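**Student:** Need the 3D shape of this:
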Amino acid sequence: MASPRSASPSQASSRTPEASQLLEQAVLGSRRLSNILVASLVTTGGLGFVLTSASSYFGIDLLPIGHPAELIWVPQGLVMGLYGLAAMALCTYLWLVIGIDLGAGQNRFDKASGQVTISRRGFRQVIEVVLPLRDVQAVKVEVRDGLSPRRRLSLRLQGRRDLPLTRVGEPMPLAQLELEGAQLARFLGVPLDGV
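**Tutor:** Residues are numbered from 1 along each chain as shown. The predicted model follows:
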């Protein structure tokens with residue numbers, strides 16, 4: 001007869017009452033590689049347009065490629081300058097959003113206090129929503145493919161709209177979405193909808 005296996009000290013410590021009563025999920029904000037690449041490209045393009053416009057105005061080639069000094073200031077150089085200013089305004093916004101990591105936060109499910117706390121970073125402040133756990137009816141998995149794909153987890157709440165839990169932007173892999181949804185539904189003891 002096989003003897004029952006006892007849990008190792010590391011496994012025993014991970015199953016403390018506090019750990020089984022609390023689930024925290026980190027949410028990725030706008031500080032992603034794709035956003036940094038887009039902001040870099042917009043910055044480079046805007047700087048190129050501004051330097052082309054300045055080259056046209058001063059009659060000096062400020063760029064190592066082409067001969068922008070040969071462009072006529074009105075209308076070509078002027079239009080290039082307007083494009084450059086618009087791109088520089090856009091890249092300033094993009095770098096600001098990346099710098100403050102807009103949308104980052106966490107989902108916290110605490111059985112001990114009976115609360116769900118959803119927090120996200122906004123422009124000026126942290127936005128926090130606190131709800132009682134008893135209002136959660138189900139964990140909903142939404143998958144929509146096509147031109148504007150959507151893959152997200154949300155909480156179906158009693159008497160309220162669904163509360164999204166996942167990040168905005170690039171869709172999550174389907175396997176990860178289903179796994180996180182199943183883990184959350186199991187932890188909360190509610191059904192998993194949409195799978």
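**Student:** Would you map the helices across the chain?
**Tutor:** 9-14, 17-21, 33-58, 78-100, 174-188 (DSSP state H).
**Student:** Run the chain-centre distance for the third one.
**Tutor:** On the basis of CA atoms, centre = their mean, to the nearest Å, the separation between the geometric centre of helix 33-58 and that of its chain is 25 Å.
**Student:** Show me the shaky parts of the protein.
**Tutor:** The chain contains residues with pLDDT under 70 at 1-19, 170, 195.
**Student:** quick one: contacts for the residue positioned nearest the centre of the chain?
**Tutor:** Geometric centre of the chain, nearest residue: Gly29, 3.5 Å, by CA atoms, centre = their mean. By CB atoms under 8 Å, 6 or more residues apart in numbering, the residues touching Gly29 are Asp101, Leu102, Gly103, Ala104, Gly105, Arg120, Arg121, Arg167. C-beta here means a position set from N, CA and C on the backbone, and glycine is covered the same way.
**Student:** how about 7 Å then?
**Tutor:** Contacts for Gly29 (CB atoms under 7 Å, 6 or more residues apart in numbering) come out as Asp101, Leu102, Gly103, Ala104, Arg121.
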